[in-house]
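Peer 1: structural data only, the sequence is not supplied:
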């Protein structure tokens, strides 16, 4: 099941920028992306 960053943020109760920060700091793994750059 593919989940957008917005949906992941809503489900986890954090802001989108928080998820991006966690990815940059390697707190969570960076997502696999499509050729168009969308997260899977």
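Peer 2: Looks like it came in fine. Bear in mind that the values here come from a model prediction, so they are computed numbers and not experimental data.

Peer 1: flag the shaky bits of the protein, pLDDT-wise.
Peer 2: Scanning the chain with the threshold set as pLDDT under 70 gives 1.

Peer 1: ranges for the helices of it?
Peer 2: With DSSP state H applied, the chain shows helices at 5-12, 16-24, listed in chain order.

Peer 1: residue 40: which of these is closest?
Peer 2: Proximity to residue 40 (C-beta to C-beta) singles out helix 5-12 among the helices of the chain, at 11.2 Å. C-beta coordinates here come from the backbone N, C-alpha and C atoms, glycine included.

Peer 1: other SSEs contacting that closest one?
Peer 2: Applying 3 or more C-beta pairs under 8 Å, 6 or more residues apart in numbering; DSSP states H and E, one finds that helix 5-12 contacts helix 16-24.

Peer 1: so how far is the helix it packs on off the chain centroid?
Peer 2: 7 Å (C-alpha atoms, centre = their mean, to the nearest Å).

Peer 1: tell me the buried residues in that helix?
Peer 2: Buried residues in helix 16-24, counted by 16 or more other C-beta atoms under 10 Å: residue 19.

Peer 1: OK, contacts around the residue nearest in space to the middle of the chain?
Peer 2: The residue lying closest to the centre of the chain (C-alpha atoms, centre = their mean) is residue 5, at 4.3 Å. For residue 5, the contacting residues are 16, 19-20, 39, by C-beta atoms under 8 Å, 6 or more residues apart in numbering.

Peer 1: what's the neighbour count on residue 30?
Peer 2: 11 (other C-beta atoms under 10 Å).

Peer 1: which non-adjacent residue is nearest it?
Peer 2: residue 23 (5.0 Å; C-beta to C-beta, 6 or more residues apart in numbering).

Peer 1: residue 15 touches residue 6, doesn't it?
Peer 2: No: the criterion here is C-beta atoms under 8 Å, and residue 15 misses it with residue 6 at 10.0 Å.

Peer 1: before we move on, back to that, okay if I get the helices of the chain as a markdown table plus distance to residue 32?
Peer 2: Compiled in a markdown table, these are given as follows (distance: least, C-beta to C-beta, whole Å):
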| stretch | distance to residue 32 |
| --- | --- |
| helix 5-12 | 13 |
| helix 16-24 | 12 |
